[in-house]
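Asker: I would like the atomic coordinates for the input below:
(one chain, ligands or ions: 1)
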Amino acid sequence: MTEHDVVIVGGGPTGLMLAAELALARVDVALIERREDQSVAGSRAGGLHARTLEVLDQRGVADRFLTEGTPHPGVSFVHPLDMSDLPTRHNYTLALWQRHIERLLAEWVSDLSVPVYGGRQVTGFAQDATGVDVVMADGQHLRAKYLAGCDGGRSQIRKTADIAFVGWDASVSYLIAEGQTRQEPEYGIRRGLQGVNGLGKHEDGKGVRVVLIEPRVNHGDTPSLEDLREGLHAVYGTDFGFHNVTWLSRFSDAARQAESYRKARVLLAGDAAHVHSPVGGQGLNTGVQDAVNLGWKLALVVHGLAPESLLDTYHDERHPVAARVLKNTLAITALSRGDDRTEAAREALSVLLEMDEPRRRYAAMMSGLDIHYDLGEGHPLLGRRMPDLEVATERGAVRVFGLLHDARPVLLNLGDSRALDAIPLPARLKRVEARYDGPWELPALGAVAAPVSVLIRPDGHVAWVGDGTDQGLAQALERWVGRDQA
Ligand SMILES: Cc1cc2nc3c(=O)[nH]c(=O)nc-3n(C[C@H](O)[C@H](O)[C@H](O)COP(=O)(O)OP(=O)(O)OC[C@H]3O[C@@H](n4cnc5c(N)ncnc54)[C@H](O)[C@@H]3O)c2cc1C
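Answerer: Numbering: from 1, shown residues only. This next block holds a predicted model:
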């Protein structure tokens with residue numbers, strides 16, 4: 001039986017990102033994908049938020065996406081939020097359809113030589129004390145030390161692992177379709193009692209894309225053409241001669257989250273771990289960032305350099321992030337309704353969100369820049385993303401994100417180099433001596449005191465902040481960097 005250290009089921013955005021992270025960490029990883037190729041039905045996600053662009057920048061591949069997308073200076077939480085004054089190089093949202101995002105991720109994964117079992121469907125698995133047997137529909141088996149279920153909202157892996165998917169049933173369902181119209185439709189949004197309907201031009205400039213609220217909550221993602229025509233008539237009084245439909249699907253505001261992101265040797269990420277309404281454009285972004293949190297931890301455990309308990313920090317850190325996303329989608333859905341009282345609530349909220357402080361906080365939240373992992377009390381940087389500062393080294397100016405390209409941890413010392421000499425450092429850790437005299441500013445928090453040294457995890461989050469001494473560094477290294485190879 002073919003064996004790999006890690007098998008990922010699902011080659012959507014989450015599985016692809018995880019495959020790249022593991023390959024960078026020299027893990028023998030393989031990906032199983034049901035689709036024959038990377039083509040995506042319909043438009044789905046429409047862009048990348050700032051933190052996702054930052055994590056791609058940390059790996060040196062952001063330019064691949066930036067050259068194809070279009071920057072927009074804001075995000076939205078019911079009300080549009082300008083984010084051009086947030087302290088990040090990527091103070092915008094990049095408009096780019098999911099099919100392009102997946103293609104670019106897949107090209108990167110291919111550059112990293114990850115084997116892909118394409119056109120194969122996983123039907124189940126069995127795990128024992130040493131690994132997982134993954135079963136495919138064609139009868140083939142693969143053996144892995146760990147299995148990552150990145151197989152979307154209806155995750156077979158989650159179901160086979162018997163992990164509860166808890167949350168809220170749908171209160172509204174929407175039809176989404178792409179096709180052509182005989183009459184010029186009324187482009188733009190039209191608010192209905194239950195929320196927003198929208199008609200826009202397809203990216204090819206010829207077709208039309210429509211999102212419609214259904215008169216009653218329906219389930220299943222295979223609506224009929226009749227459903228579409230009825231829906232158009234109900235909202236617009238005409239179906240605009242909609243024909244040549246190339247994509248017709250349904251989504252809802254149901255919001256559910258896996259109770260646990262790990263069951264022994266099985267891990268869940270992306271839509272397999274959390275589903276919710278697309279409002280706010282959070283799903284793909286959250287999945288890609290799950291993968292960046294999980295990849296280096298799984299690599300340390302697979303290489304025998306850290307205990308299995310490190311994998312529990314993946315659930316501890318990422319579960320609250322998606323729980324907040326779910327709540328936000330419920331709030332946005334409720335605030336999108338078209339009755340007079342909701343309209344009044346929207347107006348009141350808009351007044352608040354036009355004030356600088358709430359605007360910056362909500363923009364930082366919706367763009368993922370304010371994510372804070374609970375790593376204990378201490379300096380405000382602890383558990384937050386490291387800013388992409390330009391620091392001066394002996395070799396000249398370098399960007400902090402440039403130091404993270406190979407997904408290794410970094411000890412950045414900006415003070416007296418002797419202060420950290422007493423502690424033996426693992427070989428995998430990159431120690432960088434540098435100088436930086438500029439301000440330290442964090443999204444949502446504003447200016448913070450300059451640290452003397454920082455331990456940066458491969459995902460770009462700060463795991464230790466030094467004040468000119470090495471106090472606490474040994475413990476942080478043991479917890480987040482792991483042992484040296486025996
Ligand atoms: C209309 C719409 C608009 C959206 N807009 C946005 C947006 O603007 N921003 C945003 O961030 N998100 C958005 N989303 C959400 C986004 O599309 C998803 O969150 C994202 O695709 C999740 O990625 P994933 O890799 O976790 O799962 P998926 O993209 O679902 O990928 C799962 C993969 O697993 C494969 N697979 C499944 N089961 C098996 C199996 N048994 N064996 C082998 N392979 C399998 C599938 O073929 C698929 O390729 C939108 C979604 C919709 C429907």
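Asker: for the record, mean pLDDT for the longest helix seen in the chain?
Answerer: Using DSSP state H, we find that the single longest helix of the chain is helix 310-335. Averaged across helix 310-335, pLDDT comes to 98.
Asker: the helices in this structure, which residues?
Answerer: Using DSSP H, the helices of the chain run over residues 13-24, 50-58, 62-66, 98-111, 156-160, 225-236, 283-302, 310-335, 340-353, 356-366, 400-403, 473-480.
Asker: relative orientation of the last one and helix 283-302 in degrees?
Answerer: Spelled out, that is helix 473-480. 110 degrees (axes from the mean of the first three to the mean of the last three Cα atoms, to 10 degrees).
Asker: on contacts alone, who are the packing partners of helix 473-480?
Answerer: If contacts are counted by 3 or more Cβ pairs under 8 Å, 6 or more residues apart in numbering; DSSP states H and E, helix 473-480 sits against strand 453-456, strand 462-466. Using the backbone N, CA and C atoms, a C-beta is placed for each residue, glycine as well.
Asker: What is the burial count for Pro358?
Answerer: Counted with other Cβ atoms under 10 Å, residues neighbouring Pro358 total 15.
Asker: Isn't it up against Val351?
Answerer: No: applying Cβ atoms under 8 Å as the test, Pro358 and Val351 come out as separate, 9.7 Å apart.
Asker: Show me what from the chain comes close to the ligand.
Answerer: Proximity of the chain to the ligand, by Cβ under 6 Å from any ligand atom, involves residues 9-15, 32-35, 44-47, 98, 121-122, 150-152, 156, 176, 251, 270-271, 278, 281-285, 287.
Asker: From those, list the buried ones, please.
Answerer: By neighbour count, with 16 or more other Cβ atoms under 10 Å, those hold 9-15, 32-35, 44-47, 98, 122, 150-152, 156, 176, 251, 270-271, 278, 281-285, 287 as buried.
Asker: In strands, which of the residues you listed appear?
Answerer: Taking DSSP state E, the ones among these that sit in strands are Val9, Ile32, Glu33, Gly47, Val122, Ile176, Phe251.
Asker: Nearest to the ligand among the residues you listed?
Answerer: Closest approach to the ligand among these (Cβ to the nearest ligand atom): Val122, at 3.8 Å.
Asker: beta partners of that closest one?
Answerer: Beta-bridge partners recorded for Val122 (DSSP bridges): Met136.
Asker: how close does it sit to Gly295?
Answerer: According to Cβ to Cβ, to the nearest Å, Val122 stands 20 Å off from Gly295.
Asker: repeat for Ala450
Answerer: Using Cβ to Cβ, we find Ala450 at a distance of 30 Å from Gly295.
Asker: ok, these two, which is more surrounded?
Answerer: Gly295 (28 against 14).
Asker: My guess is the more buried one contacts Ala23. True?
Answerer: No: look at Gly295 against Ala23 with Cβ under 8 Å: they stay out of range, at 9.1 Å.
Asker: Which single residue in the stretch 51-200 of the chain comes nearest to the ligand?
Answerer: Closest residue of the stretch 51-200 of the chain to the ligand, Cβ to the nearest ligand atom: Gly152 (2.8 Å).
Asker: any idea how far that residue is from Val9?
Answerer: For Gly152, the distance to Val9 equals 10 Å [Cβ to Cβ].
Asker: same thing with Pro451?
Answerer: Distance, Pro451 to Val9, by Cβ to Cβ: 40 Å.
Asker: quick one on the thing from earlier: quick one, phi psi at the residue of the stretch 51-200 of the chain closest to the ligand?
Answerer: Backbone torsions of Gly152, given as degrees, to the nearest 10, read phi 80, psi 180.
Asker: Report the residue ranges of every domain in this protein.
Answerer: Following automatic domain parsing, one gets these domains for the chain: 2-167+256-366, 173-252, 390-480.
Asker: With respect to Pro380, which of these lies nearest?
Answerer: Among the domains of the chain, the nearest to Pro380 by Cβ to Cβ is domain 390-480 (4.6 Å).
Asker: Burial check on Met1, number of neighbours?
Answerer: Neighbour count for Met1, taken as other Cβ under 10 Å: 8.
Asker: right, and it touches Gly139 too?
Answerer: No: between Met1 and Gly139 there is no contact under Cβ under 8 Å: 11.8 Å.
Asker: Just put the helices and strands packed on helix 473-480 in CSV and tack on mean neighbour count and mean pLDDT.
Answerer: Listed next are the helices and strands packed on helix 473-480 as CSV, based on neighbours: other Cβ atoms under 10 Å; pLDDT from 0 to 100:
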stretch, mean neighbour count, mean pLDDT
strand 453-456, 24, 98
strand 462-466, 24, 98
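Asker: For those strands, please prepare TSV with the additional fields distance to Leu66.
Answerer: Compiled in TSV, the helices and strands packed on helix 473-480 are given as follows (distance: least, Cβ to Cβ, whole Å):
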stretch	distance to Leu66
strand 453-456	23
strand 462-466	25
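Asker: circling back to that earlier point, how far does the longest helix of the chain sit from its chain's centre?
Answerer: In terms of Cα atoms, centre = their mean, to the nearest Å, the centre of helix 310-335 is found 11 Å from the chain centre.
Asker: Run the angle between that helix and helix 283-302 for me.
Answerer: On the basis of the same axes, to 10 degrees, helix 310-335 is oriented at 170 degrees to helix 283-302.
Asker: Okay, buried residues for helix 310-335 please.
Answerer: So for helix 310-335, counting by 16+ other Cβ under 10 Å, buried means 310-311, 313-315, 317-319, 321-322, 325-326, 328-330, 332-333, 335.
Asker: Tell me what angle it forms with helix 340-353.
Answerer: Interaxial angle of helix 310-335 relative to helix 340-353 (the same axes, to 10 degrees): 120 degrees.
Asker: name the helices or strands packed onto helix 310-335?
Answerer: When contacts are defined as 3+ Cβ pairs under 8 Å, 6+ apart, helix 310-335 packs onto strand 165-168, strand 255-258, strand 262-263, strand 274-275, helix 283-302, helix 340-353, helix 356-366.
Asker: a markdown table for the ones you listed, including mean pLDDT?
Answerer: Formatted as a markdown table, the helices and strands packed on helix 310-335 follow (pLDDT from 0 to 100):
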| stretch | mean pLDDT |
| --- | --- |
| strand 165-168 | 98 |
| strand 255-258 | 98 |
| strand 262-263 | 98 |
| strand 274-275 | 98 |
| helix 283-302 | 98 |
| helix 340-353 | 97 |
| helix 356-366 | 98 |
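Asker: Make a markdown table from those and add distance to Glu441 to it.
Answerer: Formatted as a markdown table, those follow (distance: least, Cβ to Cβ, whole Å):
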| stretch | distance to Glu441 |
| --- | --- |
| strand 165-168 | 36 |
| strand 255-258 | 32 |
| strand 262-263 | 35 |
| strand 274-275 | 30 |
| helix 283-302 | 21 |
| helix 340-353 | 21 |
| helix 356-366 | 11 |
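Asker: wait, which of these is closest to Arg64?
Answerer: Among these, helix 283-302 sits nearest to Arg64 (Cβ to Cβ), with 13.8 Å.
Asker: Next, the angle helix 98-111 makes with that closest one.
Answerer: Using the same axes, to 10 degrees, the direction of helix 283-302 lies 20 degrees away from that of helix 98-111.
Asker: now the angle between helix 356-366 and helix 283-302, please.
Answerer: With the same axes, to 10 degrees defining the directions, helix 283-302 sits at 60 degrees from helix 356-366.
Asker: and the gap between Pro71 and His4?
Answerer: Distance, Pro71 to His4, using Cβ to Cβ: 38 Å.
Asker: typo on my end, it should be Glu21
Answerer: From Glu21 across to His4, the span is 15 Å (Cβ to Cβ).
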